[in-house]
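S.K.: predicted coordinates and the sequence they were generated for:
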Amino acid sequence: MRHLADLTDEKSASFYADVPAGDMKKFQAFCREFPYRQLVHAGIEWPYLDNARKGEALLMLSGALSIPDISWLSITHFGQAYHVIVPSYPAVHSMNDLVDGIAAILKHEGVKKAHVMGGSYGGFVAQVFVRRHPQLCRSLVLSHTFAPDPANAGSAHKMARWMKLLPEGILRWLMGRMLGKMMPPHDDRMVLMLGHFKELLYHRLTKVDMLGTVLRWGDYYARVFTPADLKRWPGRVLLVLADDDPGTPEAERAKLSALYPAARVHLFHGTGHVTSVLKEQEYQAVIDGFLRSNFKEIS
C-alpha cells in the first residue's frame, strides 16, 4: 500500500497545490519513517503503519476515512516514545471482523498488550476492541467520539442499502458533504489535512471502501454497551472531547462519560472535531500525561 500525497501521481498531486512546502516536507519524512507493512488474515490484506520501535506499544485507530495518513501529526509525535501500530481498515462489513483483524496484527508484531487510542470513528473501533479483546488493552484513550445508540442503527443500514445502488461518483460527493461538516472554516494549519481529506474521498477510497465504513457504522450503532462491560478489565480510560465538536454535542458527551464513569475527562474549548490539529501540542500533552501516569499506576 502506498502513502497519500504521492506527488508523482498527477491526480494525487492536484490536491496539494496549496500546501506549504515545509508541511509537505515534514509529511514526506513521516512517510519514510512509517512505511506500510501488510498482513494477510482470513484471506484479506491488512495494511498497517509500524515504526518497529522497542518498548510499550500504542495501537492508534483511524477515523472513518480508513487510511491513517491523515493522522500523521499524532502518529509522528507518539512514535517518538512508543511502538506505534496504525491499521488501515479493509472493507470488512462487521466491527468484529475489523477488530479481530487488528488483533491479528498485534499478534503478528509480537505485541501482548497495547495502549489503545481511537478518535472519532476510530473511537467506535476502540470501544469494540477493548470489549472483544480486553486482554490486549493496557489503557483506552477515546477522542471526539460517542457511545453506540441502537435507535440510530436503522438509519445507517438504510444508508448502506441505497449506497449499493448509487454510482461511485455520487457516493464520493455525498460522503464529502457528510464528513465535511466536521471540518472547520479555512485555517492555515488545516491545508495539508484538507488535501488528505480530498484525496481520500475523491481519489483513493472506492465504493466498496465507503460501503464497508457505513456497514460497520450501523453494526456499531446497534450495539448495547454498559458501564459493567469493563468491570473486570484493569485498565484506565481517558476521554478527550471539545465543547463545540459538531460530532459530539453535549448530550452525546454526557452519554459517553456515563458509560465510563471512572474515566479521566479533558474538555477542549473552541477546537471542534479537529483538536489534534488546531491545538496540536496541547492535545498531545494531555494524552502523554495520561499514558505516562497510567503506565506508572498499573505496571
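M.R.: Structure received.
S.K.: which stretches of this protein form helices?
M.R.: 10-13, 21-33, 72-78, 95-108, 121-132, 153-163, 168-180, 191-199, 207-221, 250-259, 275-278, 280-298 (DSSP state H).
S.K.: tell me how far the first one is from the chain's mean position?
M.R.: The one in question is helix 10-13. Helix 10-13 has its C-alpha centroid displaced from the chain centroid by 24 Å (CA atoms, centre = their mean, to the nearest Å).
S.K.: then that helix to CSV, C-alphas only?
M.R.: The C-alpha coordinates for helix 10-13 follow below in CSV (Å, rounded to 0.1, in the frame of the first residue of the first chain):
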residue,chain,number,x,y,z
GLU,A,10,-0.8,13.8,-11.2
LYS,A,11,-4.3,13.2,-9.6
SER,A,12,-2.9,13.0,-6.1
ALA,A,13,-0.6,16.0,-6.6
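S.K.: what sits up against that helix?
M.R.: 4-7, 199, 203 (CB atoms under 8 Å, 6 or more residues apart in numbering). C-betas here are computed from N, CA, C, even on glycine.
S.K.: tell me which of the helices of the chain lies nearest to residue 56.
M.R.: Set against residue 56 and scored by CB to CB, the helices of the chain come closest in helix 280-298, at 6.7 Å.
S.K.: so how far is residue 264 from residue 63?
M.R.: Look at residue 63 and residue 264: by CB to CB, to the nearest Å, they are 22 Å apart.
S.K.: equivalent analysis for residue 69, please.
M.R.: Counting by CB to CB, the separation of residue 69 from residue 264 is 29 Å.
S.K.: in terms of neighbours, single out the busier of these two.
M.R.: Shown here are residue 69 and residue 264; by other CB atoms under 10 Å, residue 69 has more neighbours (24 against 16).
S.K.: I'd say the more buried one and residue 4 touch.
M.R.: Yes. Assessed by CB atoms under 8 Å, residue 69 is found in contact with residue 4 at 4.3 Å.
S.K.: good, we can wrap up now.
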